[in-house]
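>>> Build me a model from this:
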Amino acid sequence: MTKDAMEHVSTKEIVETLFGRKGVEQLVVNPHEEFKVSIGDNEKADTGPVKIIIVYD
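Sure thing, here's the model as predicted:
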């Protein structure tokens, strides 16, 4: 699928397709639930709702 074609696919559809593949894990943060992701010196803290995608490639 080309990049132009992907622009017409919703983000929700792309995410749902990814979660059905091997090597993909999801973490779900519920509404108003706090989360923090730290990688080296980079950190992101916020509240849900959020889906965090981990792709092992």
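
>>> residue ranges of the strands in the chain, please?
Along the chain, counting by DSSP state E, strands occupy 24-29, 34-39, 42-47, 50-55.

>>> how about residue 15, what does it touch?
51, 53 (Cβ atoms under 8 Å, 6 or more residues apart in numbering). Yep, even glycine has a C-beta here, placed from its N, CA and C like the rest.

>>> where's it relative to residue 48, distance?
15 Å (Cβ to Cβ, to the nearest Å).

>>> one step back: as TSV, the strands of the chain with distance to residue 10 and mean pLDDT would be great.
Conversion of those to TSV gives the following (distance: least, Cβ to Cβ, whole Å; pLDDT from 0 to 100):
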stretch	distance to residue 10	mean pLDDT
strand 24-29	17	95
strand 34-39	24	97
strand 42-47	22	97
strand 50-55	14	94
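
>>> Out of those strands, flag the one nearest residue 2.
Closest to residue 2 of those is strand 50-55 (Cβ to Cβ; 20.9 Å).

>>> what's the longest helix in this protein?
helix 11-19 (DSSP state H).

>>> Just put the strands of the chain in JSON lines and tack on distance to residue 11.
Converted to JSON lines, the strands of the chain look like this (distance: least, Cβ to Cβ, whole Å):
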{"stretch": "strand 24-29", "distance to residue 11": "14"}
{"stretch": "strand 34-39", "distance to residue 11": "19"}
{"stretch": "strand 42-47", "distance to residue 11": "18"}
{"stretch": "strand 50-55", "distance to residue 11": "10"}
